[in-house]
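*Asks:* Give me the fold of what follows.
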Amino acid sequence: MTHPSNLSTINANEISHFAQDSADWWNLDGAFSPLHRITPTRMRYLKSVIGDVRGKTILDIGCGGGLISTPLARLGAKVTGIDADQQAITVAQQHAQDENLEIEFIHGAAENLVAKGCRFDVVMALEVIEHVDHPELFVELCAKLVKPNGLVVFSTLNRTWKSYALGIVAAERVLRWVPAGTHDWKKFIKPSELAKMAENTGLHICDAKGMIFSPLKNEFSIHPHDLNINYFLVASPSRKG
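*Replies:* Residues are numbered from 1 along each chain as shown. Below you'll find the predicted structure:
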């Protein structure tokens, strides 16, 4: 599938919304605290599907302040993070410098890397696709950025009544885990829809898992079947077991 060259995945309103909290990226109790809470679970899943990340080239699209880029770099991955929010990139660069980590952080969008012919072993878009314009184009760009035997890893929110109740009403309005207006339920994407977008680009679906929150344990975990709220979807240009 080919899209008109004048289309862009960048949504200026979304970028502006996140930019106003850029100073909070590494504040565990700040606007991005939910991302800090799910980072250990996200890392466990990434390691389970990627395996040993040492020496692998990994692209983190919509990297923000580097919450996932940083721990992957600590494990020896060659990480490139890209984000359309310049302030977030500045924060990410400073944090990497403070930790003496070599991470390439770029202000821009996936389109810029495709234009340069860049390819990576792993392309990640974690909690990103629900914030972009033209999600089909975004998936196509991800497919163009991964090497033939590589992996594309998405994580996002399903469009269900549960995700509205917990992801919007509870998280934004009641518990105030995230600032109001962070998510638009209409932009949430069902796993079947995301899988179809990926398959339309020639990718093959390798795995899909849910991420659930346990109020009793006060922690997130991977669930093999419950994709009703948060979920991961992994795809590859090649067919993998």
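
*Asks:* from here on, contacts and neighbour counts on C-alpha atoms
*Replies:* Noted.

*Asks:* just the helices in the chain please.
*Replies:* 12-19, 33-50, 69-74, 86-98, 110-115, 135-145, 161-163, 191-200 (DSSP state H).

*Asks:* and the last one, what does it pack onto?
*Replies:* Spelled out, that is helix 191-200. Other helices and strands packing on helix 191-200, by 3 or more Cα pairs under 8 Å, 6 or more residues apart in numbering; DSSP states H and E, are helix 135-145, strand 204-214, strand 230-236.

*Asks:* worst average pLDDT in those?
*Replies:* Between the helices and strands packed on helix 191-200, the one with the least mean pLDDT is strand 204-214; it has a mean of 94.

*Asks:* Verify the contact between Ile106 and Gly81 for me.
*Replies:* Yes - if you go by Cα atoms under 8 Å, Ile106 and Gly81 touch, sitting 6.1 Å apart.

*Asks:* out of those two, which sits in the busier spot?
*Replies:* The neighbour comparison of Ile106 against Gly81 (other Cα atoms under 10 Å) goes to Gly81, with 26 against 21.

*Asks:* OK, contacts around the more buried one?
*Replies:* When contacts are counted by Cα atoms under 8 Å, 6 or more residues apart in numbering, Gly81 touches 59-63, 66, 69, 103-106.

*Asks:* now swap in Met43 and tell me
*Replies:* So Met43 contacts Ile68 (Cα under 8 Å, 6+ apart).

*Asks:* measure it to Ala198 for me?
*Replies:* Distance, Met43 to Ala198, using Cα to Cα, to the nearest Å: 22 Å.

*Asks:* Kindly report the same for Phe220.
*Replies:* As for Phe220, its distance to Ala198 is 26 Å (criterion: Cα to Cα).

*Asks:* Who has more neighbours out of the two?
*Replies:* More crowded of Phe220 and Ala198, by other Cα under 10 Å: Ala198, with 25 against 17.

*Asks:* ok, the residue lying closest to that one once chain neighbours are set aside - contacts?
*Replies:* With sequence-adjacent residues excluded and distances taken as Cα to Cα, 6 or more residues apart in numbering, Ala198 is closest to Val139, at 6.2 Å. Val139 makes contact with 197-198, 201, according to Cα under 8 Å, 6+ apart.

*Asks:* Format the residues you listed as a markdown table; extra columns: distance to His225 and pLDDT.
*Replies:* Converted to a markdown table, those look like this (distance: Cα to Cα, whole Å; pLDDT from 0 to 100):
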| residue | distance to His225 | pLDDT |
| --- | --- | --- |
| Met197 | 21 | 98 |
| Ala198 | 20 | 98 |
| Thr201 | 25 | 98 |
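
*Asks:* Just the closest of those to Glu111, please.
*Replies:* For the contacts of Val139, the closest approach to Glu111 (Cα to Cα) belongs to Thr201, at 15.5 Å.

*Asks:* Can you list the low-confidence ranges for this protein?
*Replies:* Low-confidence segments of the chain (pLDDT under 70): 1-6, 167-183, 240-241.
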